[in-house]
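Novice: make a model of this:
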Amino acid sequence: MSTGAFLDRFGLRFAAGARAVVGVLMAVAAPFADPPGGMACVAAVAAVLAVWSAVYLSLMRTRPATWVWVADTAFLCGLCLAQPLLVDPVLLVRSLGWVSPIASFAVVALQWHVRPLPGAVAAVLVCASFVIGAAASPEVTVAQALAVGGLWTAVEVALSRLVWLLVRRGGARADQRIARRFEADRAAVLARARRGEQRAHWATVHDTAASTLLMVGLGSVRGDEPWLAGQLRRDVSALHGVPTPAAGVRETVRRVVDGARIPVDVQGDGDLTLPGPAAGALGGALTESLENVVRHAGTDRAEVLLEVDAAAVRVTVRDRGRGFDPETVPPDRFGLARSVRERMALVDGRAVVESVPGRGTEVRLEWPR
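Specialist: I've put the predicted structure just below:
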């Protein structure tokens with residue numbers, strides 16, 4: 001539910017409830033106003049007011065039918081005109097009568113239920129009836145009637161209409177701000193998704209075609225290597241966006257190790273079937289880690305340790321090569337940043353790189369179960 005709709009519904013129920021409560025309270029107070037018309041007369045009117053207030057509450061909790069507020073306005077006008085019979089003139093002049101509170105509060109609450117024009121017409125009719133009825137009481141002048149209820153009720157009506165307009169305007173502005181915030185959040189999510197797809201594409205290009213072409217350009221590949229045909233097939237599939245099927249951890253590690261350009265010693269036990277995205281990310285990150293050993297470590301062997309426990313899957317690549325200082329890696333180097341770390345991050349995993357110059361490198365790939 002929008003803020004504007006919530007405030008509108010709350011306002012309707014609040015106004016109807018307050019109007020009904022005041023009506024019942026004034027019905028209870030009516031017999032104590034020394035009515036000139038007698039106790040029986042005022043008791044009958046008070047009973048009708050109490051019953052009508054309860055009916056009014058049930059009918060005005062939502063947008064009312066026209067006849068409801070028209071009937072209420074007519075009833076209020078009748079109460080106001082009958083003040084010479086219902087309220088002691090002394091109490092009326094002292095603003096202690098019981099008709100004035102229900103009449104003024106009813107037209108004030110009505111401003112929250114109807115449009116400005118019918119609300120203003122109802123207020124004018126009730127105020128005029130109040131002044132006429134009060135002035136008809138003995139020893140009460142028109143000026144006193146205006147001061148007691150007529151003018152002050154008009155001010156209350158104007159203020160009530162203003163407050164209701166401000167409430168509805170505030171609800172509309174709140175809805176606009178919420179809508180803009182949702183739109184900004186949606187745009188941020190879409191932008192983040194686009195960046196993720198772009199980075200995944202860059203990582204795929206870096207790990208496949210770019211890597212293979214680099215080896216060819218450096219003369220590291222003669223063309224008759226037994227692993228080259230399989231590598232090319234994997235490159236083409238990756239570039240065409242062929243989804244990686246679900247695969248076991250051991251199967252994923254073995255596939256990468258079999259295609260590596262250096263001997264790899266695999267240790268560890270345990271297995272777990274990985275979803276396609278996780279298997280693809282782990283395989284790609286492992287491939288790039290082993291490629292980094294070939295290109296930068298200055299050694300011809302690597303070790304891969306496989307661990308599967310209740311918390312996570314861990315694949316660790318170790319070499320005893322020259323090592324490096326991770327803090328000195330230029331920001332434009334895509335291998336560790338994009339092909340390893342971001343690739344694992346895209347599937348809620350992580351990659352931890354530890355290396356010391358002269359003491360080798362360790363890359364730990366983790367994916368939570």
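
Novice: for the stretch 1-150 of the chain, which segments count as helices?
Specialist: Listed in chain order, the helices of the stretch 1-150 of the chain (DSSP state H, counting those that start in this stretch) span residues 3-29, 39-59, 66-81, 83-86, 89-93, 99-110, 116-135, 142-145.

Novice: just the buried positions in the longest one, please.
Specialist: Going back to what we said before, that points to helix 3-29. The neighbour-count criterion (16 or more other C-beta atoms under 10 Å) identifies 3-4, 7-8, 11-12, 15-16, 18-20, 22-24, 26-27 as the buried residues of helix 3-29. The C-beta positions use only the backbone N, C-alpha and C, and glycine is treated the same way.

Novice: which elements pack onto it?
Specialist: The elements that helix 3-29 packs onto, with contact taken as 3 or more C-beta pairs under 8 Å, 6 or more residues apart in numbering; DSSP states H and E, are helix 39-59, helix 99-110, helix 151-205.

Novice: for the helix or strand hosting residue 304, C-alpha coordinates in CSV please.
Specialist: The secondary structure element spanning residue 304 is strand 302-308 (assigned by DSSP states H and E). Output of strand 302-308 as CSV, limited to C-alpha atoms (Å, rounded to 0.1, in the frame of the first residue of the first chain):
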residue,chain,number,x,y,z
ALA,A,302,52.8,-27.0,-9.2
GLU,A,303,50.7,-28.6,-6.5
VAL,A,304,47.0,-28.6,-6.1
LEU,A,305,45.4,-29.5,-2.8
LEU,A,306,41.7,-30.4,-2.8
GLU,A,307,39.6,-30.1,0.5
VAL,A,308,35.9,-30.7,0.9
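
Novice: so which bits of that strand are buried?
Specialist: The neighbour-count check on strand 302-308 (16+ other C-beta under 10 Å) flags 302, 303, 304, 305, 306, 307, 308 as buried.

Novice: again with stretch 247-267
Specialist: So stretch 247-267, judged by 16+ other C-beta under 10 Å, has buried residues 247, 249-250, 252-257, 259-261, 264.

Novice: restricted to strands, list the residues you listed.
Specialist: Counting by DSSP state E, the part of the buried residues of stretch 247-267 found in strands is 247, 264.

Novice: please convert the buried residues of stretch 247-267 to a markdown table, extending it with pLDDT.
Specialist: As requested, the buried residues of stretch 247-267 are arranged in a markdown table below (pLDDT from 0 to 100):
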| residue | pLDDT |
| --- | --- |
| 247 | 83 |
| 249 | 86 |
| 250 | 88 |
| 252 | 88 |
| 253 | 88 |
| 254 | 89 |
| 255 | 86 |
| 256 | 86 |
| 257 | 86 |
| 259 | 77 |
| 260 | 80 |
| 261 | 79 |
| 264 | 89 |
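
Novice: between the buried residues of stretch 247-267, which is nearest residue 316?
Specialist: For the buried residues of stretch 247-267, the minimum distance to residue 316 (C-beta to C-beta) is 10.8 Å, reached by residue 253.

Novice: measure that closest one to residue 247 for me?
Specialist: Counting by C-beta to C-beta, to the nearest Å, the gap between residue 253 and residue 247 amounts to 10 Å.

Novice: wait, residue 326 sits on residue 357?
Specialist: No - under the criterion of C-beta atoms under 8 Å, residue 326 makes no contact with residue 357, lying 10.4 Å away.

Novice: surely residue 171 and residue 6 touch.
Specialist: Yes - in terms of C-beta under 8 Å, residue 171 counts as a neighbour of residue 6; the distance is 7.3 Å.

Novice: okay, the closest residue in space to residue 114 that isn't next to it in sequence: pLDDT?
Specialist: Closest residue to residue 114 apart from its sequence neighbours, by C-beta to C-beta, 6 or more residues apart in numbering: residue 69 at 6.0 Å. With respect to pLDDT, residue 69 scores 88.

Novice: residue 69: neighbour count?
Specialist: By the measure other C-beta atoms under 10 Å, the count of residues near residue 69 is 22.

Novice: related to what we said a few turns ago, closest one to residue 366 out of the buried residues of helix 3-29, please.
Specialist: When the buried residues of helix 3-29 are ranked by distance to residue 366 (C-beta to C-beta), residue 3 comes first, at 43.9 Å.

Novice: grab the nearest non-local neighbour of that closest one.
Specialist: Of all residues apart from its sequence neighbours, residue 174 sits closest to residue 3 (C-beta to C-beta, 6+ apart), at 4.1 Å.
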